[in-house]
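Student: Fold the following, please.
(2 chains)
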Amino acid sequence: MRVLVIEDDPDLREMVAKYFSDEGFVVDSAAEGEQGLYMATEYPLDLAIVDLGLPKVSGVDIVKQVRKKGCAYPILILTARDGWESKVAGLEAGADDYVVKPFHKEELMARARALVRRTGGWASSRLESGPVSLDTAAKSVTLNGAPIELTAYEYRLLEYLLLHAGKVVSKSTLTEHLYSEDMERDSNVIEVFVRRLRTKLDPEDSLHPIETLRGQGYRWMLPRTPA
Amino acid sequence: MVSLQTRLLLAATAVLLLFTVLCAAGLESAFQQAALRAEEDRLRGIVYGLLGAAEADAAGALELNDGDLPEQRLMRHESGLEAAIYDQAGKPVWRSPSQSGALPVVIGPEVGKWKFERLGEAGRFALTFGLRWLVGDKPTRYTVLVLEDSAAYEEQLATFRRTLRLWLAAAAAGLLVALVLVLRWGLGPIRRLVRELRGVETGTQGQIDAPYPRELTPLTGALNAMIRSERSQLQRYRNALGDLAHSLKTPLAVLRGLVSDPQLSGEPRRQLDEQVARMQQIADHQLSRAATAGRRALSQPVAVQPIAEKLAMAMKKVYADKHLHFDLAVAPRLQARVDPGDLHELLGNTLDNAAKWARAHVLLRAGRSGSALEFVVEDDGRGFPENPERLLERGARADTRVPGQGLGLASVNDIVQAYEGTIALERSEALRGARVVLRIPAA
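Tutor: I've put the predicted structure just below:
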């Protein structure tokens, strides 16, 4: 998952960025509106956190511009003005939810996760597909009810595939959304992780949860279990 | 205080009455003078006629032929016109045939002088003329007297007076009517201005719109500027509060983040968290109270429906997981004389509270109830707990607060109080959940 944090206060920006990187997100951050707007429209994002009270370009304007450019990823606004007029302005501009400052880490992360999975069409924080169940809040995975040990990267890959279940996800998309800029981007790494996931989720090679489409990417094949 | 129109009308009526009375007196006096003058002239003519007809014999006695008399009436008995000629001793030497009764004693004027007077009790005009006549070689002194009854003169004067008064009264009445019409026309712009101001006050219009005469434009301009400045001042004030909130709450958010640091644990963490929560609540409470505009004399009316729709849209997004159904029954074209920021807070907090507890359904009804504006928000949640009134009290202490509930309603209560309205927390009959009724007096 790749998230952009636009917040002018350096301490708060760093803190929010850390919250997300601790949860396995790839984090981009911007201190002011213009840079934020550039990143928000040019980067392949899964989520953006936008402070409404930014200097120069306001948060509401950023949200409007992002939506105008056709970017559909969820946007969570941070507001200090807890007046409904400003919240409504942000939501009307195209934001999906708001969190009022000061917030608890748990509240912010719960809202952010909910937005991401809602965008993938999942109603509950537990993503269930066939015998596989991934709990986004607890960051745990079970197969037929038995817990499975996954590394951080394997977990991220599985979460991304599940959130985009039924859709083809290219290797480059996976690299962009799962690894930060400074990591070496080797598409072979993705292949290695996919192979390991297959082994852990389908030890008997009977389930075939991940399909490989040559030259296109991967697709999660198991049906979603309705919540 | 007597109205402007009544003042002007009273003053103008007094001036008009005074003018009419003086005018009547002046005209009557002038007419009387002219009539007296005419009378005297006529009598003089008769005197000249008499003198022309008179002849003196050698003995000094005067003789007048009846046929030579200048006026027929002198011949007729009781015609009202009489004449006589007196000698030096004041003894009448000739009387006109019309003369009857006693002749007045005449003290003749000097020779060549006229004397015109009114003989009081008899009501007659008398003209006397003194002359000297050469009888033979001897100059003899005579006095000629002509008397005329004043009835005709009085009649003429009375007729004139009647006519004059009738016309003057008619003219005064006409002028008064014209004056009333002129006043109504002249004061029209002031009446219109008062109507417009009342419109601004009751919220049917935003500012003074109609064109006004040059004398009033500085006033209407100043009024509009005042209305605008009051509104923009509130906006500036709110912006300043917003900036304050932002600069206060960002460090609070950092503090709150530091509190959740896993290195911090146990009692210090709990205490810090409590203090941060307390600071947050105080800031929230004071900022929202300060931002409440409350009732203002010249507030602009706001349409309720668009705000309700926007808020419902916002709630649907925020509570997307619950797939809530919002039923809005807002009277079309319903306008509220409530500050838009306050209306957002009132409906936003009430709807947010309902959406938080609702299972699937939230209902908002807005309309007029008598002279008040009524908002009813219902949900199908579990309803209010016992003694719901305590949800309306906002303590400064965080630990008295029911988690996730009450803070919004307390803020709603503050705003309702600022508008001298009422809030009732009830049970919803229709949806079996909570029901909040807000009533705001219309003016």
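Student: quick one: low-confidence parts of the chain?
Tutor: Since you didn't name a chain, this refers to chain A. Applying pLDDT under 70 to chain A flags residues A:81-82, A:181-187, A:227.
Student: switch to chain B, that's the one I care about
Tutor: Scanning chain B for pLDDT under 70 picks out the ranges B:58-60, B:121-122, B:297-298, B:394-407, B:443.
Student: for B:G367, what are its contacts?
Tutor: Applying CB atoms under 8 Å, 6 or more residues apart in numbering or on different chains, we find B:G367 in contact with B:A329, B:V330, B:A331, B:L334, B:L373, B:E374. Backbone N, C-alpha and C define where each C-beta goes, glycine included.
Student: how about the second one, phi and psi?
Tutor: Just to be clear, that refers to B:V330. Its backbone dihedrals place B:V330 at phi -110, psi 130, with angles given as degrees, to the nearest 10.
Student: That one: neighbouring residues, count only.
Tutor: Neighbourhood size, B:V330 [other CB atoms under 10 Å in any protein chain shown]: 19.
Student: just checking, it touches B:L363?
Tutor: No: checked against CB atoms under 8 Å, the pair B:V330 and B:L363 is beyond contact range at 11.2 Å.
Student: which residues in the chain form helices?
Tutor: Defaulting to chain A. Shown for chain A, the helices assigned by DSSP state H span residues A:10-22, A:33-42, A:59-68, A:84-93, A:105-119, A:152-163, A:171-178, A:187-201.
Student: wrong one, I was asking about chain B
Tutor: If you assign secondary structure with DSSP H, the helices in chain B sit at B:4-53, B:151-202, B:217-259, B:266-291, B:304-318, B:340-357, B:407-418.
Student: does any bit of the last one sit next to chain A?
Tutor: No: judged by CB under 8 Å from any CB of the partner chain, helix B:407-418 stays clear of chain A, getting no closer than 9.2 Å.
Student: repeat for the fifth one
Tutor: Yes: figure legend: helix B:304-318 in contact with chain A (CB under 8 Å from any CB); contacting residues B:K310, B:L311, B:M313, B:A314, B:K317, B:V318.
Student: Residues touching that helix, excluding its own?
Tutor: Residues from elsewhere that reach helix B:304-318, judged by CB under 8 Å, 6+ apart: A:84, A:87-88, A:91-92, A:95-98, B:324, B:326, B:328, B:330-336, B:340, B:343-344, B:347-348, B:351-352, B:355, B:362, B:364, B:366.
Student: Dump the residues of helix B:304-318 next to chain A into a markdown table; add neighbour count and distance to B:Q88 as well.
Tutor: Supplementary listing: the residues of helix B:304-318 next to chain A in a markdown table, determined by neighbours: other CB atoms under 10 Å in any protein chain shown; distance: CB to CB, whole Å:
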| residue | neighbour count | distance to B:Q88 |
| --- | --- | --- |
| B:K310 | 19 | 123 |
| B:L311 | 28 | 124 |
| B:M313 | 14 | 128 |
| B:A314 | 25 | 128 |
| B:K317 | 16 | 134 |
| B:V318 | 20 | 134 |
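Student: Among the residues you listed, which pair sits farthest apart?
Tutor: The span of the residues of helix B:304-318 next to chain A, defined through CB to CB, is set by B:K310 and B:V318 at 12.5 Å.
Student: still on that earlier bit, could you identify which of the helices of chain B is most buried?
Tutor: Of all these, helix B:340-357 carries the top mean neighbour count, a mean of 23, counting by mean count of other CB atoms under 10 Å in any protein chain shown.
Student: how far out from the middle of the chain is that helix?
Tutor: When distances are taken as CA atoms, centre = their mean, to the nearest Å, helix B:340-357 is centred 44 Å away from the chain's centroid.
Student: C-alpha coordinates for that helix, CSV please?
Tutor: As requested, C-alpha coordinates have been extracted for helix B:340-357 and formatted as CSV (Å, rounded to 0.1, in the frame of the first residue of the first chain):
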residue,chain,number,x,y,z
PRO,B,340,-24.9,29.4,8.3
GLY,B,341,-22.0,28.2,10.5
ASP,B,342,-24.4,27.7,13.4
LEU,B,343,-26.9,25.9,11.2
HIS,B,344,-24.1,23.5,10.0
GLU,B,345,-23.2,22.8,13.7
LEU,B,346,-26.8,22.3,14.8
LEU,B,347,-27.7,19.9,12.1
GLY,B,348,-24.2,18.4,11.6
ASN,B,349,-23.8,17.4,15.3
THR,B,350,-27.4,16.2,15.6
LEU,B,351,-27.2,14.1,12.4
ASP,B,352,-23.7,12.8,13.3
ASN,B,353,-25.0,11.7,16.6
ALA,B,354,-28.0,10.0,15.0
ALA,B,355,-25.8,8.4,12.3
LYS,B,356,-23.4,7.1,15.0
TRP,B,357,-26.1,5.2,16.7
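Student: list the helices and strands it packs on?
Tutor: Helix B:340-357 makes packing contacts with helix A:84-93, helix B:304-318, strand B:361-369, strand B:372-379, helix B:407-418, strand B:434-441 when contacts are defined by 3 or more CB pairs under 8 Å, 6 or more residues apart in numbering or on different chains; DSSP states H and E.
Student: now the fifth one against helix A:84-93, angle please.
Tutor: For helix B:407-418 and helix A:84-93, the angle between their directions (axes from the mean of the first three to the mean of the last three CA atoms, to 10 degrees) works out to 120 degrees.
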